[in-house]
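A.B. asks: Take this sequence and fold it.
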Amino acid sequence: MTPLVLDTIAGMRAFSAQVRAAGETLGFVPTMGALHDGHATLIERARAGAHRVVVSIFVNPLQFDRADDLARYPRTMDDDARLCARLGVDAIFAPSAAEMYPRPPACTVTVGPLGAHLCGAHRPGHFDGVATVVAKLFGIVTPHRAWFGEKDAQQLAIIRRLVQDLDIPVDIVGVPTVREADGLAMSSRNRHLSGTERVEALALCRALDSVARQVAAGATDAAAIRSTAAATIPSSPVLRLEYLEIVDPDDLDPVTTISTRVLVAGALWVGGTRLIDNLTITPPEAGSSHA
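C.D. replies: You can find the predicted model right below:
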């Protein structure tokens, strides 16, 4: 099956209107392209959960805080289109930046406290850009459901709140992180890693695993747990830990004592590549109390 490739807002809206007029459900997977197996899982879930599936491929300039990061973001449209065809995607929405932003937007979405911690503390304006483009995409595509990866846990929390606060009629479906065989979370940025950096990058998921092991063993002091986990990251000229935090999984506020389910999230620079990862962890007593 060859997907329709739509590069105009009018064309995308016409396709969506046709799907809705036929009484069919429309599923949506927003991406910035450079698709990998993690994206394939999102698309497969959408394919199983909707009559028709749209994948957007748009590298959104509003969410990049560094011009060099925007410039080097991988763009692999031909490969992406082949993957979408193999997975039975009905339409690809691939607008240009000029189509999405014919002039600098005067009205944008401002993310509040949910964007203040974790990645938001290190990437000023990033989540405002994410929320703005997602709101635009929801208004253009008008899907019934949209699928997002849990690897971007802060983004997912913000998008859930976005549709609640702005009454956008889209069901948001989170999909567990897809990992390589050695545990590295799949990311479009992984292709920037050299062979040596690829090995060093495993330090982040090992630090997260350290938190999980400590909590499983009964540790509850978040600061001490975090310190022990951060110390597992080796001293290396290639590695720089940007953050490793333990937060409430819903409001993303830092926690001091772990007594219920928590999100442990981190960002690690590996050479010139920034990687993120997270785990949701439930302490033994909290897990047994809900059994």
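A.B. asks: what ranges do the helices span in the stretch 51-200 of the chain?
C.D. replies: Assignment of helices within the stretch 51-200 of the chain using DSSP state H, counting those that start in this stretch yields the ranges 67-72, 77-86, 97-100, 119-122, 126-141, 153-165, 195-200.
A.B. asks: out of those, deepest packed?
C.D. replies: Across these, averaging neighbours per residue (mean count of other CB atoms under 10 Å) puts helix 126-141 on top, at a mean of 21. Using the backbone N, CA and C atoms, a C-beta is placed for each residue, glycine as well.
A.B. asks: can you give me how far that one is from the chain middle?
C.D. replies: Relative to its parent chain, helix 126-141 has a centroid offset of 13 Å by CA atoms, centre = their mean, to the nearest Å.
A.B. asks: I'd like to check the angle between it and helix 153-165, please.
C.D. replies: Between helix 126-141 and helix 153-165, the angle comes out at 50 degrees (axes from the mean of the first three to the mean of the last three CA atoms, to 10 degrees).
A.B. asks: and of the helices of the stretch 51-200 of the chain, who's closest to I246?
C.D. replies: I246 lies closest to helix 153-165 among those, at 12.3 Å (CB to CB).
A.B. asks: Format the CA atom coordinates belonging to that closest one as CSV.
C.D. replies: Below are the C-alpha coordinates for helix 153-165, written out as CSV (Å, rounded to 0.1, in the frame of the first residue of the first chain):
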residue,chain,number,x,y,z
ALA,A,153,7.6,11.1,29.4
GLN,A,154,7.5,14.8,30.0
GLN,A,155,6.3,15.5,26.5
LEU,A,156,3.5,12.9,27.0
ALA,A,157,2.4,14.4,30.3
ILE,A,158,2.3,17.9,28.7
ILE,A,159,0.3,16.7,25.7
ARG,A,160,-2.2,14.9,28.0
ARG,A,161,-2.7,18.2,29.9
LEU,A,162,-2.8,20.2,26.7
VAL,A,163,-5.9,18.3,25.4
GLN,A,164,-7.5,18.4,28.8
ASP,A,165,-7.0,22.1,29.4
